[in-house]
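Q: Please work out how this folds:
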Amino acid sequence: MIDTIGYIQVTLVNCAFDRNQKVVQERDKRALFRCNSSIRSKVTLSCSLQSNSESRIDRHFKSDGLQTPVPGTHEYVLYVRSLYDVLCKSEEIETLWMLIRREAQIIANEEPALASFVHASVLSQSSLADSVAFVIAGKLRDPSTPSSTLFELAREAFFSCSNSSHNHLYFRSKSSDEVQLKGHVEDLCGEHAMQQDLLAVMQRDPACTRFIDALLFFKGFHALCAYRISHYLWAQQNRKQLARYIHSRSTRKLHVDIHPAAQVGPGAFIDHATGVVIGETAVVAKNVSMLHRVTLGGAGNFTGQPRHPTVESGVTLGAGSTLLGPIRIGQNAQIGACSLVVTDVPNNSTAVGVPAKIIPPRKLQNS
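A: This next block holds a predicted model:
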């Protein structure tokens, strides 16, 4: 019954769009003009403090400054990357949403076979959080749990945690060998975390040329969103069985295993994603990148104590790398593909091999 209603809604949306296509295009054009004006003013203010990036951004705002490059082109990628510092602000989520709607409109016009899908997933939704919730619900649904239930759970997670006042402290160390896991749920599950995850794909994945590509098709982003929903249920609502259900569906459908109790900061990027495992007490700070088959595994069977790695901000984990035990991976460190890491890695260092050997930053510069 739910699916039938959804089908009817999609059909009605398509009919309305066909009748009012010109009206919708004009509305989006005016809205995009307002967004560009807002972006231009904010970018001008930001660039006054960052002279190095001024020419890079200003070249997209020529004499008229009203039209952005065509989505999917190299120029468009450069354009949105130049606006990263603006778009990552929580108050600019509507600007990001308008860019995504513009991308969706172009796809719906150019590819009729995807028109219904794009309209249902993006153009008929009222916000970015609603759109992401709709997509995730479609990915995780099964005959016993309809999309509508999952959709409401996702919206609850995104919107209930959207007004965080915390300072994004995703992990705190009492000492070098003892980690206190007290990340703020609001910072890990809210709409702003999802927003930064989406921006991270566009910023770091050269294969992504439109935001909507990640929103609709990239399972690394989908897995992170599913994790954030399950973490909200686990840590904020104490609905652990439902959190386990979401985790189970995500593992089965997306082949990514992130425990609901793990802490993964915003701006995470999981490329390809297949085979990624992040254990219960793992802590991943903001802006961490990892490729497929990465394992953050545990050592020991002690309940209630850290058994998994702590990965600090800016770290890159190569494909197939395995990190075991309550070790610390320092800021901006790099772990080579297929490496086995069982000891701490200092900041700005590289670890490669089985077992991994540490290459200090100075040696890297000399080589």
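
Q: mind listing the helices for the stretch 201-350 of the chain?
A: Along the stretch 201-350 of the chain, the segments classed as helices by DSSP state H, counting those that start in this stretch run 211-217, 219-231, 240-254.

Q: Just say which of those is most tucked in.
A: Using mean count of other C-beta atoms under 10 Å, the stretch among these with the largest mean neighbour count is helix 219-231, at a mean of 27. (C-beta placed from N, C-alpha, C; glycine too.)

Q: quick one on the thing from earlier: among the helices of the stretch 201-350 of the chain, which comes closest to residue 116?
A: helix 211-217 (12.9 Å; C-beta to C-beta).

Q: For that closest one, which helices and strands make contact with it?
A: For helix 211-217, the contact count by 3 or more C-beta pairs under 8 Å, 6 or more residues apart in numbering; DSSP states H and E identifies helix 93-110, helix 115-118, helix 128-140, helix 191-204 as packing neighbours.

Q: Serialize those helices to TSV and add fields for mean pLDDT and mean neighbour count.
A: Shown next, in TSV, are those (pLDDT from 0 to 100; neighbours: other C-beta atoms under 10 Å):
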stretch	mean pLDDT	mean neighbour count
helix 93-110	95	20
helix 115-118	97	18
helix 128-140	97	23
helix 191-204	95	23
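
Q: Relative to residue 265, which of these is closest?
A: Nearest of the helices and strands packed on helix 211-217 to residue 265, taken as C-beta to C-beta: helix 191-204 at 7.6 Å.

Q: Can you verify my assumption that residue 331 contacts residue 314?
A: Yes: using C-beta atoms under 8 Å, residue 331 makes contact with residue 314 at a distance of 5.3 Å.

Q: between these two, which one's more packed in?
A: Taking other C-beta atoms under 10 Å, residue 331 and residue 314 do not tie; residue 314 has more neighbours (18 against 15).

Q: Run a quick check on that one versus residue 329, I expect a contact.
A: No: assessed by C-beta under 8 Å, residue 314 is found out of contact with residue 329, at 10.2 Å.

Q: list the residues that contact both of residue 331 and residue 314?
A: Applying C-beta atoms under 8 Å, 6 or more residues apart in numbering, one finds that no residue jointly contacts residue 331 and residue 314.

Q: can I get the helices and strands packed on helix 211-217 in TSV with distance to residue 357?
A: Listed next are those as TSV, based on distance: least, C-beta to C-beta, whole Å:
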stretch	distance to residue 357
helix 93-110	41
helix 115-118	48
helix 128-140	40
helix 191-204	26
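
Q: Minimum distance to residue 270: which of those helices has it?
A: Here helix 191-204 is closest among the helices and strands packed on helix 211-217 (C-beta to C-beta), at 9.0 Å.

Q: how many degrees apart are the closest one and helix 219-231 in direction?
A: Interaxial angle of helix 191-204 relative to helix 219-231 (axes from the mean of the first three to the mean of the last three C-alpha atoms, to 10 degrees): 160 degrees.

Q: packing partners for helix 191-204?
A: Using 3+ C-beta pairs under 8 Å, 6+ apart: helix 191-204 touches helix 74-82, helix 84-87, helix 93-110, helix 128-140, helix 147-160, helix 211-217, helix 219-231, strand 269-270.

Q: Same list, the ones you listed, but as TSV with distance to residue 318 please.
A: TSV is the format used below for the helices and strands packed on helix 191-204 (distance: least, C-beta to C-beta, whole Å):
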stretch	distance to residue 318
helix 74-82	23
helix 84-87	24
helix 93-110	29
helix 128-140	27
helix 147-160	31
helix 211-217	21
helix 219-231	15
strand 269-270	13
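
Q: Which of those sits closest to residue 254?
A: Among the helices and strands packed on helix 191-204, the nearest to residue 254 by C-beta to C-beta is helix 219-231 (4.8 Å).

Q: Mean confidence (pLDDT) on the closest one, please.
A: Mean per-residue pLDDT for helix 219-231: 97.

Q: swap in stretch 322-339?
A: Averaged across stretch 322-339, the pLDDT comes to 97.

Q: Put the alpha carbons of that stretch into CSV.
A: Provided in CSV are the C-alpha atoms of stretch 322-339 (Å, rounded to 0.1, in the frame of the first residue of the first chain):
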residue,chain,number,x,y,z
THR,A,322,44.1,-2.7,8.5
LEU,A,323,44.5,-0.9,11.9
LEU,A,324,44.2,-3.1,15.0
GLY,A,325,43.9,-2.3,18.7
PRO,A,326,43.5,1.0,20.7
ILE,A,327,46.2,2.8,18.7
ARG,A,328,46.4,6.4,17.7
ILE,A,329,46.8,7.6,14.1
GLY,A,330,48.0,11.3,14.3
GLN,A,331,46.7,14.2,12.4
ASN,A,332,47.2,14.3,8.6
ALA,A,333,49.0,10.9,8.7
GLN,A,334,48.8,8.6,5.7
ILE,A,335,48.4,4.8,5.8
GLY,A,336,49.6,2.9,2.7
ALA,A,337,47.4,0.5,0.8
CYS,A,338,47.3,-3.0,2.3
SER,A,339,49.4,-2.0,5.4
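
Q: now that stretch, how far from the centre of its chain.
A: 21 Å (C-alpha atoms, centre = their mean, to the nearest Å).
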